[in-house]
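S.K.: Dropping a prediction and its sequence here:
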Amino acid sequence: MPNKPAEPMDPREEQHRITDTETGLSLFLRRLPPTEGQGRPVLYVHGATFPSALSVAHRFRNGSWRDALGRAGRDVWALDFLGFGLSDRQPAMSLPAATSGPLLLAAEAAGQLEAAVRHIHAVTGGMRVNLLTHSWGSMPACILAGRHPDLIDRIVLFGPIARRDPPRYLPRPDGPAWRVITAQAQWDRFVEDVPPGEPPVLSRPEFEDWAERYLDSDPDGRAREPQSVKVPSGPFVEILRAWHGELPYDPALVRVPVCIIRGEWDGLATDADARWLFDAFTGSPDRRDLKIGRGTHLMHLEARREALWHASASFLAGTNSA
């Protein structure tokens, strides 16, 4: 069952529910319409460990990413994949993790994303949708863009996962249906790539506020010992598979403008990764690669977040300046 909202709801926020045709389960979409007129829709596609309320919609004192996009005239939507946030949980999420293989691989997620895009397409009178992705979310987004370029206008890939040459003698990564992630494990992600001697990229009070909401994104998060959030393990397994030479989409099939944005200290989207992806998007009419200083893989929540927000809004507006 879906959980209560992890964020105080914006009074202008619309909440939409659509049905995943493969499973019959309910997908949750949040929408923050533009204050004036009809802006082009942008759909946020989250990564492997936390849903839209904890990412594009999470508010700091200076607002949220979707607030920044709204000020730029965008019609901002965000999807929670099955197993995350306010979307339904797959039945296997209530069984022992070893009962089945990893849930929510990119091919499955691309179907859920297509359902969301077609819903937005219908609601907005047939407007093509921009995609704004984080990390693993680049995979289902690029699968969909390759299949249906008529539905997609532009794509921002924030911290995207790239193919890496497989290491020798190691088996193909696999995993159980789901895994649990503690608040401490999330904090470790904010600090692990920051160079020694550099100040934190996120203050501890800001993180504690975020972590409280993170635990509330799982109906059983606070009852579990230790307190933690259960998520499908498919995205994590698929990131490992990409680093074993197995990317689940062909970048050459993406035929819309693409902008790669990453932090200087992002260990999951390195300079080499960005170069590989940039060179692989041969079908895109407009490819860009932007690196922002003093940011990690979670830069959308960090001190340099406004630089990311501005860069993404600028590209989605079709301007030449980041």
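M.R.: Nice, I can see it. As the structure is a prediction and not an experimental result, all values here were calculated from the model.

S.K.: in a helix, that's where residue 69 is, yeah?
M.R.: Yes: under DSSP: H, G, I helix; E, B strand; the rest coil, residue 69 falls within a helix.

S.K.: what residues are up against it?
M.R.: 42, 56, 76, 132, 309, 312, 313, 316 (Cβ atoms under 8 Å, 6 or more residues apart in numbering). For every residue, glycine as well, the C-beta is placed using N, CA and C.

S.K.: and it, how far is that from residue 63?
M.R.: Residue 69 is 10 Å from residue 63, where distance means Cβ to Cβ, to the nearest Å.

S.K.: Please spell out which residues along the helix or strand hosting residue 144 are buried.
M.R.: Here residue 144, judged by DSSP states H and E, is contained in helix 138-147. For helix 138-147, burial by neighbour count (16 or more other Cβ atoms under 10 Å) applies to 138, 139, 140, 141, 142, 143, 144, 145, 146.

S.K.: Surely the fourth one and residue 47 touch.
M.R.: Which is residue 141. No: counting by Cβ atoms under 8 Å, residue 47 is not a contact partner of residue 141; they are 11.0 Å apart.

S.K.: what about residue 291, how many neighbours?
M.R.: Using other Cβ atoms under 10 Å, residue 291 is surrounded by 14 other residues.

S.K.: go on, the one 3 residues further on?
M.R.: Each residue near residue 294 was counted by other Cβ under 10 Å, and the total is 17.

S.K.: Please, which helix or strand holds it?
M.R.: Applying DSSP H and E, one finds residue 294 in no helix or strand.

S.K.: ok, and the closest non-adjacent residue to it?
M.R.: residue 304 (5.3 Å; Cβ to Cβ, 6 or more residues apart in numbering).

S.K.: Then residue 312?
M.R.: residue 156 (4.7 Å).

S.K.: hmm, back to that, name the next helix or strand downstream of the helix holding residue 144, please.
M.R.: strand 152-158.

S.K.: List the neighbouring strands of that next one plus their orientation.
M.R.: If you go by DSSP bridges, strand 152-158 pairs up with strand 129-134 (parallel), strand 258-263 (parallel).

S.K.: List the contacts of the last one.
M.R.: Think strand 258-263. 154-160, 269, 274, 277-278, 281, 284, 286-297, 299, 302, 304, 308, 311-312, 315.

S.K.: looking only at pLDDT, what's the mean for it?
M.R.: Mean pLDDT, strand 258-263: 98.

S.K.: ok, now the first one?
M.R.: When the per-residue pLDDT values of strand 129-134 are averaged, the result is 98.

S.K.: Which helix in this protein has the most residues?
M.R.: helix 106-123 (DSSP state H).

S.K.: Tabulate the CA atom coordinates of stretch 208-219 in CSV.
M.R.: What follows is stretch 208-219, C-alpha atoms only, in CSV (Å, rounded to 0.1, in the frame of the first residue of the first chain):
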residue,chain,number,x,y,z
GLU,A,208,18.4,15.3,9.6
ASP,A,209,15.2,17.0,8.3
TRP,A,210,15.6,15.1,5.0
ALA,A,211,16.2,11.8,6.8
GLU,A,212,13.1,12.1,9.0
ARG,A,213,11.0,12.5,5.8
TYR,A,214,13.0,9.7,4.1
LEU,A,215,12.0,7.2,6.8
ASP,A,216,8.4,8.3,6.5
SER,A,217,8.4,7.4,2.8
ASP,A,218,8.1,3.7,3.8
PRO,A,219,5.0,2.6,5.7
